[in-house]
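K.L.:
Need a 3D model of the following:
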Amino acid sequence: MSIVHKIGRRKTSVARVYVRPGTGVITINKKDSKEYFGTDVLVYKVNQPFLLTEAVGQYDVTVNVFGGGITGQAEAIRLAISRAMCEINEENRLLLKPHGLLTRDARMVERKKPGQKKARKKFQFSKR
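P.N.:
All right, here's what the predicted structure looks like:
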C-alpha cells in the first residue's frame, strides 16, 4: 500500500495529511503531535480516528497544517485522517460516520456588522 493523501478543513484551518503504513508516529509541521499541541485533549482528537478503527500504531502520519487556532487545526487534522482511513478500508466508514468524524464542520466566524462593536455585541446604549 502506498501513501494516502487527504485534506481536512475546519474554520480557517487547512490540514494536508499523508498516511502510510508504519509504527504510529504522527508528525505535524515537522514536530511530534504531543509537542505541537501540548494538551492531551487535542492529541486525543487527532488520534480519535485510529482509536475508533482500532488501528493505533499501524500508520505513520505526516501533516502540513496552517491557518486558524490549535483547536481548529486539530479538528481539521482529525477530518483528514478520517477520510484517509476510509480510503484505506471502506469498512472504516461505518465506524467513523456515527461519531461525526466524516462531516466537515461548516460553522464559521460571523462577520462584524457596521455600527456594532462585534458581530452581535453593540456599543453601550445611552438614553441621554
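K.L.:
in whatever helix or strand Arg9 lives in, what counts as buried?
P.N.:
Under the criterion of DSSP states H and E, Arg9 resides in strand 4-10. Buried residues in strand 4-10, counted by 16 or more other Cβ atoms under 10 Å: Val4, Lys6, Gly8, Arg9, Arg10. The C-beta positions use only the backbone N, C-alpha and C, and glycine is treated the same way.
K.L.:
And for stretch 45-55?
P.N.:
Buried, per 16+ other Cβ under 10 Å, within stretch 45-55: Lys45, Val46, Asn47, Gln48, Pro49, Phe50, Leu52, Thr53, Ala55.
K.L.:
Pull the contacting residues for the closest residue in space to the last one that isn't next to it in sequence.
P.N.:
Among residues not flanking Ala55 along the chain, Met85 sits closest, at 7.0 Å (Cβ to Cβ, 6 or more residues apart in numbering). With contacts taken as Cβ atoms under 8 Å, 6 or more residues apart in numbering, Met85 has the following neighbours: Val19, Pro49, Phe50, Thr53, Ala55, Asn92, Leu96.
K.L.:
Wasn't Met85 part of a helix?
P.N.:
Yes: according to DSSP: H, G, I helix; E, B strand; the rest coil, Met85 belongs to a helix.
K.L.:
Need the max-distance pair from the contacts of Met85.
P.N.:
Farthest-apart pair in these is Val19 and Leu96; separation 13.8 Å (Cβ to Cβ).
K.L.:
More neighbours: the two, which one.
P.N.:
Val19 (27 against 21; other Cβ atoms under 10 Å).
K.L.:
what about that one, which SS state?
P.N.:
Applying three-state DSSP: Val19 is strand.
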